[in-house]
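Asker: Sequence isn't available, so here's the structure alone:
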C-alpha cells in the first residue's frame, strides 16, 4: 500500500479573531478573500476560498482531493455538508451588524449526485432568505466544475450577541 501525506499550515485562530475585530462582516470577508486576513483554520484545512461576497449572498469554491474520500472512493458527504454549512452561515452573516453573529441550529442537506477526487473545483452559493433579530434562514446549492447540481441545503441559524458569547469562549 502506498502511503500518502498532506501538509498545510493555518493562522492562529486568536489572531484571525483579532484581525476581524471592529470590522463589519462584509469587510473582514473581503479582506479574507484578498488575503489581508488569513482564513479560519478549518477553511485552510479544506482549502475553502471566497469567490464572491454580496448582501445576503456568498460564493465559496474548493478543490476536490483524494484525502477527502470515503471508503467508496467518493468525496465524503461531511465535506459537502461543511462547505454548504459555511456558505449558508456567511450569507446570513453579511446581513448582521458587527456585534452579532450566527450559529447553525439545523442543517438539511439533499445529495443529488456524488463527487470524485479529480482535482476539479466545486462552487457553493449561499443566499440568506430571512434575517430576524434572533433567527435566520438560508439556502445553498453546490455545483461541480461542469455546473451540475451536486447537493442543496437549507438551514436555520440562531443570531447571537458577540460579547455575551465571547465571554464563554476561550478564543
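Answerer: On my side now, so go ahead. Not measured: the values here are computed from a predicted model.

Asker: Quick one: classify residue 61 as helix, strand or coil.
Answerer: Secondary structure state of residue 61, per DSSP: H, G, I helix; E, B strand; the rest coil, is strand.

Asker: Count the residues that sit near it.
Answerer: Residue 61 has 18 neighbouring residues, counting by other CB atoms under 10 Å. Using the backbone N, CA and C atoms, a C-beta is placed for each residue, glycine as well.

Asker: ditto for residue 128
Answerer: Residue neighbour count, defined by other CB under 10 Å, stands at 25 for residue 128.

Asker: Model confidence at it, what's the number?
Answerer: In the predicted model, residue 128 carries a pLDDT score of 98.

Asker: Which residue is the nearest non-sequential neighbour of it?
Answerer: Using CB to CB, 6 or more residues apart in numbering and skipping the chain neighbours, the partner closest in space to residue 128 is residue 56 (3.8 Å).

Asker: What of residue 28?
Answerer: Nearest in space to residue 28, with sequence neighbours left out and distances taken as CB to CB, 6+ apart, is residue 20 at 4.3 Å.

Asker: Let me know how buried the one you found is, in neighbour terms.
Answerer: When neighbours are defined as other CB under 10 Å, residue 20 has 18 of them.

Asker: what about it, distance to residue 60?
Answerer: Noted for residue 20: a distance of 17 Å to residue 60, by CB to CB, to the nearest Å.

Asker: wouldn't the residue nearest to residue 28 be in contact with residue 39 here?
Answerer: No: in terms of CB atoms under 8 Å, residue 20 does not count as a neighbour of residue 39; the distance is 11.4 Å.
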